[in-house]
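Q: Quick one, what's the 3D model for this:
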Amino acid sequence: MPRRPVPQRRVIFIGVEGPSERAFVQWLRSICDEAGLHIHLLVNTGSGGDSLNVVEEAARRLGKLSGRREIKGRLVLLDADRIVQDLNAGRDAVAAARRYEFRIVLLTPNLEGLLLRLHPGREQTKPQAQSTERELRRYWPDYRKPPELRQLKRRFRLRDLRRAAEHDEHIRTLLRILDL
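A: So this is what the prediction gives:
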């Protein structure tokens with residue numbers, strides 16, 4: 001019996017700041033798998049620092065992959081609160097992302113703020129960056145940073161992300177890029 005060709009996965013490269021965002025992308029990957037999508041999310045975890053460092057490290061990693069894989073999408077997840085700080089310090093991650101042809105997905109004000117908004121009834125919450133982790137723990141008392149993939153999988157579903165996306169254009173963009 002002849003073998004049917006296995007459909008090739010669409011590769012989307014995502015640059016992130018650190019382990020917390022990496023766990024979030026791993027959770028997104030599991031959601032894509034559950035939805036039956038043929039997508040591979042290739043994540044590059046930066047070494048922290050400012051948003052410009054995240055973009056530049058992602059660009060270097062992507063450059064090393066050049067020619068080895070066909071990349072269908074280029075994203076960077078950046079904390080919205082850091083963008084303003086970085087601009088004030090003369091470091092423009094948005095301009096760099098454009099130069100390297102990355103789509104920016106802002107996490108408002110940061111990843112913990114997004115995780116807070118994934119909880120039912122909190123979708124429109126606009127916490128201050130310095131209080132997001134404390135506020136998140138009111139709804140998720142055993143939250144630890146960085147979260148583990150299994151914790152995210154137990155806590156959230158695609159419906160939670162879609163509900164939050166109704167109030168967040170960047171998350172809507174992310175869902176559109178992933179075909180979710």
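
Q: okay, CA-based contacts and neighbour counts for the rest of this
A: Noted.

Q: By mean pLDDT, which helix or strand of the chain comes out lowest?
A: Lowest by mean pLDDT, DSSP states H and E among the helices and strands of the chain is helix 80-88, with a mean of 89.

Q: What lies in contact with it?
A: Helix 80-88 has contacts (Cα atoms under 8 Å, 6 or more residues apart in numbering) with 50-52, 92-94, 106-110, 129.

Q: 10 Å instead?
A: Helix 80-88 has contacts (Cα atoms under 10 Å, 6 or more residues apart in numbering) with 49-52, 89-94, 105-111, 128-130.

Q: Just the buried residues of that helix, please?
A: Applying a neighbour-count criterion of 16 or more other Cα atoms under 10 Å, one finds 80-83, 86 buried in helix 80-88.

Q: Which one of those is nearest to residue 150?
A: Nearest to residue 150 among the buried residues of helix 80-88: residue 80, at 25.8 Å, using Cα to Cα.

Q: Now do the strands in this protein.
A: 10-16, 39-45, 71-79, 103-107 (DSSP state E).

Q: sorry, back to before: which of the contacts of helix 80-88 count as buried?
A: 50-52, 91-94, 105-111, 129.

Q: Dump the buried residues of helix 80-88 to JSON lines, plus distance to residue 116.
A: Formatted as JSON lines, the buried residues of helix 80-88 follow (distance: Cα to Cα, whole Å):
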{"residue": "80", "distance to residue 116": "15"}
{"residue": "81", "distance to residue 116": "16"}
{"residue": "82", "distance to residue 116": "18"}
{"residue": "83", "distance to residue 116": "20"}
{"residue": "86", "distance to residue 116": "24"}
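
Q: for the residues you listed, which one is nearest residue 43?
A: residue 80 (19.3 Å).

Q: Could you check how far that closest one is from residue 177?
A: Going from residue 80 to residue 177 by Cα to Cα, to the nearest Å gives 19 Å.

Q: Can you tell me who the spatially most central residue of the chain pairs with across the strands?
A: Centroid check for the chain by Cα atoms, centre = their mean gives residue 77 as the closest residue, at 4.6 Å. Beta-bridge pairing of residue 77 under DSSP bridges involves residue 105.

Q: Next, work out how far apart it and residue 96 are.
A: Distance of residue 77 to residue 96, given as Cα to Cα: 13 Å.

Q: Are there residues contacting both of the two? Which ones?
A: Taking Cα under 10 Å, 6+ apart as the criterion, residue 77 and residue 96 both touch 51, 55, 102.

Q: Closest to residue 134 out of those?
A: residue 51 (22.9 Å).

Q: I figured that closest one hits residue 17, correct?
A: Yes - between residue 51 and residue 17 there is a contact under Cα atoms under 10 Å: 7.6 Å.
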